[in-house]
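Colleague: give the three-dimensional model of this entry:
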Amino acid sequence: MSSFQDKAQGHINSLDKELSKYPLLNNLEKQTSVPKTYAVLGLVSCYFFFIFFNIGGQLLVNFAGFVIPGYYSLEALFSVSKTDDTQWLTYWVVYAFLTVFESAISAVYWFPFYYTFKFVFVLWLALPITGGAQIIFRSFLQPVFARYFSGPGATAANLRSKVDSSDKTL
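Modeller: I've put the predicted structure just below:
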């Protein structure tokens with residue numbers, strides 16, 4: 001049975017392997033003698049610390065919600081596959097509704113640690129592995145708005161949701 005320290009070292013090694021794909025991080029590691037894994041973990045920890053204590057929380061959450069998905073959306077537009085286009089379009093529709101809802105109820109004034117929860121929620125929405133935006137879209141937005149979009153797009157959305165749900169059952 002492996003210890004916590006062995007498991008943590010295994011995760012650090014896999015992160016180091018993933019980060020080694022980026023020449024900028026490799027050069028930074030050579031110049032500073034700070035392992036790139038520790039530098040990235042330190043930056044992520046500082047980022048979350050600032051959000052948790054609301055030191056620029058709105059700016060940092062908006063950066064995570066706009067800039068990073070924006071980059072991947074552009075990447076999806078230049079790719080051949082249409083699957084990633086659908087994923088990011090769904091994300092933007094859900095994020096737009098979240099932003100309008102958030103503005104309408106002034107959520108930041110009513111909920112302590114609001115930006116911490118929003119940050120985690122935005123990550124859940126954006127990460128392809130979680131499929132959060134698709135879950136919110138199919139659970140809340142599609143049932144409400146499907147009647148207004150009864151053309152071919154609604155049929156395509158229904159077909160995509162059926163295909164995706166059948167893939168999960170396999």
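Colleague: could you list the residues in contact with the longest helix along the chain?
Modeller: If you go by DSSP state H, the chain has its longest helix at helix 83-105. The contact list for helix 83-105 (Cβ atoms under 8 Å, 6 or more residues apart in numbering) reads 65, 69, 72-73, 75-77, 79, 107-108, 118, 121-122, 125-126, 128, 133-134, 136-137, 141, 160. Where you see a C-beta, it was placed from the backbone N, CA and C, and this is true even at glycine.
Colleague: among those residues, which ones are buried?
Modeller: 65, 69, 73, 76, 118, 122, 125-126, 133-134, 136-137, 141 (16 or more other Cβ atoms under 10 Å).
Colleague: check the burial of residue 93 by counting its neighbours.
Modeller: 16 (other Cβ atoms under 10 Å).
Colleague: got phi/psi on residue 78?
Modeller: phi -90, psi 0 (degrees, to the nearest 10).
Colleague: count of neighbours near it?
Modeller: Residue 78 - counted by other Cβ under 10 Å - has 6 other residues nearby.
Colleague: and what of residue 13?
Modeller: Residues near residue 13, counting by other Cβ under 10 Å: 11.
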